[in-house]
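Peer 1: Kindly generate the corresponding structure for this input.
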Amino acid sequence: MTVDPPVVLVGKAAQVRDTAAHYAELLESTVLGRLWSRLLEVEFVDRSVALAAKAFVSLFPLLIIIVALTPDTVREQVVQILADRLGLSGTSFDAVRQAFATPDATKAATGIIGSALTVAFAVSFTTALQRLYLRAWRRPPGGGVKNKGRGAIWIGGLSALLIILSSVRTVVHGPTGPVLTWTLGVIGSSALWWWTARLMVRGEIRWRALLPTAVLTGIGTSFYAVAGSIWMPAHVANQYEQFGTFGIALAFVTWLTGLAFVLVFAAVLGPAFADGDDALGRWMRSGQPTAVEPGSLPAVPGPSRPMRLSDAFGRGAGGSGVSLSEPAPLEVRPVVGGEDGEDSRPTGKSTAEPTPAGSASADATAPAAVSADPPHRTDARRADDH
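Peer 2: Purely as a prediction, here's the structure:
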């Protein structure tokens with residue numbers, strides 16, 4: 001008996017799919033599998049671009065105002081740090097340096113209302129940042145006006161760290177200055193992001209569960225800033241040559257997108273570790289079933305379907321924490337009531353007597369009506385809409 005070649009190919013394809021599904025299931029239970037699923041769940045590409053855009057239009061103007069109010073030596077150091085990290089030189093450096101004017105020029109350009117709006121826009125960045133941490137840990141929405149207060153406090157902490165690091169660089173001279181500043185920056189940044197993660201999840205996740213996120217964010221952002229000084233000069237020069245000053249803005253957004261990806265990756269690393277059943281996971285959970293603090297609301301449900309690569313760019317209504325109900329099946333309902341007003345719905349047993357064909361009773365039989373109820377979708381809100 002000969003076997004048809006197409007049948008053999010189909011059988012091999014099914015075997016390959018089954019093998020791949022088996023190994024994918026095994027990978028899903030590991031840290032790498034959980035990390036990848038969490039990245040897709042938070043839509044890491046979409047989230048990174050959104051954070052970068054928010055940072056450019058909100059934090060950069062705030063940085064200009066803060067630096068303008070610092071002493072001249074600190075202001076020069078901040079400008080020089082930006083030039084080193086972003087690869088600014090020549091005419092592009094002069095264009096950016098003009099933005100960091102003296103306090104009098106900044107006050108004349110912004111005013112009280114402009115400064116207040118700048119701070120408000122900066123707080124809006126913390127809203128996007130908090131959305132990232134809440135989705136990474138599957139926390140329910142909430143907080144209201146208190147979230148704005150948390151954002152303002154975070155802006156103050158970030159500004160204090162930047163001023164302290166710039167002041168240290170002005171005091172320590174020589175080759176040890178940049179090294180000491182970078183080392184203090186790693187330590188201070190890790191501490192800042194540890195506090196940031198706790199602040200953004202509203203204190204609902206244990207401190208130790210947030211530690212891996214803080215360490216990776218502090219170290220990752222510091223190394224990313226150093227690496228930017230290698231590839232950014234050519235990129236900035238190319239963008240500036242093609243688009244002028246607008247090209248510098250495009251280069252900044254590119255750099256911020258990479259930085260935002262580091263934040264997103266570090267944010268989901270914590271829950272990926274905490275969900276494990278190994279010693280690290282149990283330590284992060286403090287020996288409890290979850291990393292949620294006692295008295296806090298339980299985590300929202302995960303996605304209602306397996307993750308796909310396209311989920312990195314957004315899932316719409318199928319986002320994290322939203323379980324969609326199945327569409328209601330078609331329901332067959334016979335017409336209720338006949339000439340005598342009795343209910344003719346079926347009861348599970350056939351009690352009707354056979355009726356001869358052509359009789360009046362057969363002609364008066366009511367046809368069954370089919371009603372199709374529209375599919376119902378739960379009206380749950382996504383956690384990142386708050």
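
Peer 1: Tell me which residues are up against stretch 209-225.
Peer 2: Residues outside stretch 209-225 that contact it (CB atoms under 8 Å, 6 or more residues apart in numbering): 85, 182, 185-194, 196-198, 201, 258-259, 262-263, 265-267, 269-270, 273-274, 284-285, 291. To be clear about C-beta, it is placed using only N, CA and C from the backbone, and glycine gets the same treatment.

Peer 1: how does it look with 7 Å?
Peer 2: 85, 182, 185-186, 189-190, 193-194, 197-198, 258-259, 262-263, 266-267, 269-270, 273-274, 284-285, 291 (CB atoms under 7 Å, 6 or more residues apart in numbering).

Peer 1: Filter those residues down to the buried ones and express that as a PyMOL selection.
Peer 2: Selection of buried members from the contacts of stretch 209-225 for PyMOL, criterion 16 or more other CB atoms under 10 Å:
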select buried, resi 85+182+185+186+189+190+193+194+197+198+259+262+263+266+267+269+270+273+274+284+285+291
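
Peer 1: Among the contacts of stretch 209-225, which lie within helices?
Peer 2: With DSSP state H as the criterion, helices contain 85, 182, 185-186, 189-190, 193-194, 197-198, 258-259, 262-263, 266-267, 269-270, 273-274, 284 from among the contacts of stretch 209-225.

Peer 1: residue boundaries of the strands in this protein?
Peer 2: Along the chain, the stretches classed as strands by DSSP state E are 331-334, 368-371.

Peer 1: among the ones you listed, which gets the worst mean confidence?
Peer 2: Among the strands of the chain, strand 368-371 carries the lowest mean pLDDT, a mean of 40.

Peer 1: So, low pLDDT: which residues of the chain?
Peer 2: 1-10, 20-26, 101-110, 315-386 (pLDDT under 70).

Peer 1: Determine which residue lies closest to the centroid of it.
Peer 2: By CA atoms, centre = their mean, the chain has its centre lying nearest to residue 132, at 3.7 Å.

Peer 1: Distance-wise, check that residue relative to residue 216.
Peer 2: Noted for residue 132: a distance of 14 Å to residue 216, by CB to CB, to the nearest Å.

Peer 1: now swap in residue 270 and tell me
Peer 2: 9 Å.

Peer 1: and what of residue 69?
Peer 2: For residue 69, the distance to residue 216 - CB to CB - is 32 Å.

Peer 1: More neighbours: those two, which one.
Peer 2: Between residue 69 and residue 216, counted using other CB atoms under 10 Å, the more crowded position is residue 216 (19 against 14).

Peer 1: got the buried residues for stretch 177-188?
Peer 2: Quick answer for stretch 177-188 (16+ other CB under 10 Å): 180, 181, 182, 184, 185, 186, 188.

Peer 1: Then stretch 198-214?
Peer 2: So for stretch 198-214, counting by 16+ other CB under 10 Å, buried means 198-202, 204-207, 209-214.

Peer 1: cool, stretch 133-142 as well?
Peer 2: So stretch 133-142, judged by 16+ other CB under 10 Å, has buried residues 133, 134, 135, 136, 137, 138, 139, 140, 141.

Peer 1: shouldn't the residue nearest to the centre of the chain be in contact with residue 262?
Peer 2: No. Using CB atoms under 7 Å, residue 132 makes no contact with residue 262, being 11.9 Å away.

Peer 1: ok, back up a step: residues contacting the residue nearest to the centre of the chain?
Peer 2: 42, 47, 51, 264, 267.

Peer 1: quick one: which of these is nearest to residue 301?
Peer 2: residue 42 (14.9 Å; CB to CB).

Peer 1: Please report how far that closest one lies from residue 313.
Peer 2: Shown here: residue 42 relative to residue 313, a distance of 12 Å by CB to CB.

Peer 1: out of the buried residues of stretch 177-188, which one sits closest to residue 100?
Peer 2: Of the buried residues of stretch 177-188, the one sitting nearest to residue 100 (CB to CB) turns out to be residue 181, at 18.7 Å.

Peer 1: how near is the closest residue to that closest one other than its chain neighbours to residue 183?
Peer 2: Nearest non-adjacent residue to residue 181, counting by CB to CB, 6 or more residues apart in numbering: residue 169, 4.6 Å away. As defined by CB to CB, residue 169 lies at a distance of 12 Å from residue 183.

Peer 1: Flag every buried residue along stretch 66-75.
Peer 2: Applying 16+ other CB under 10 Å to stretch 66-75 flags 66, 67, 68, 70, 74, 75 as buried.

Peer 1: Spit out the contact partners of the residue nearest to the last one when sequence neighbours are not counted.
Peer 2: Looking back up the chat, that one is residue 75. Leaving aside its sequence neighbours, residue 75 sits nearest to residue 67 (CB to CB, 6+ apart; 5.1 Å). Each residue near residue 67 by CB under 7 Å, 6+ apart is listed here: 75, 78, 100.

Peer 1: and stretch 265-283, how far apart are its ends?
Peer 2: 21 Å (CA to CA, to the nearest Å).

Peer 1: pretty sure residue 38 contacts residue 269?
Peer 2: No. Taking contacts as CB under 7 Å, residue 38 lies outside contact range of residue 269: 8.3 Å.

Peer 1: For the stretch 201-350 of the chain, just list every one of the helices.
Peer 2: Assigned by DSSP state H, counting those that start in this stretch, the stretch 201-350 of the chain shows helices spanning 207-243, 245-274, 279-284.
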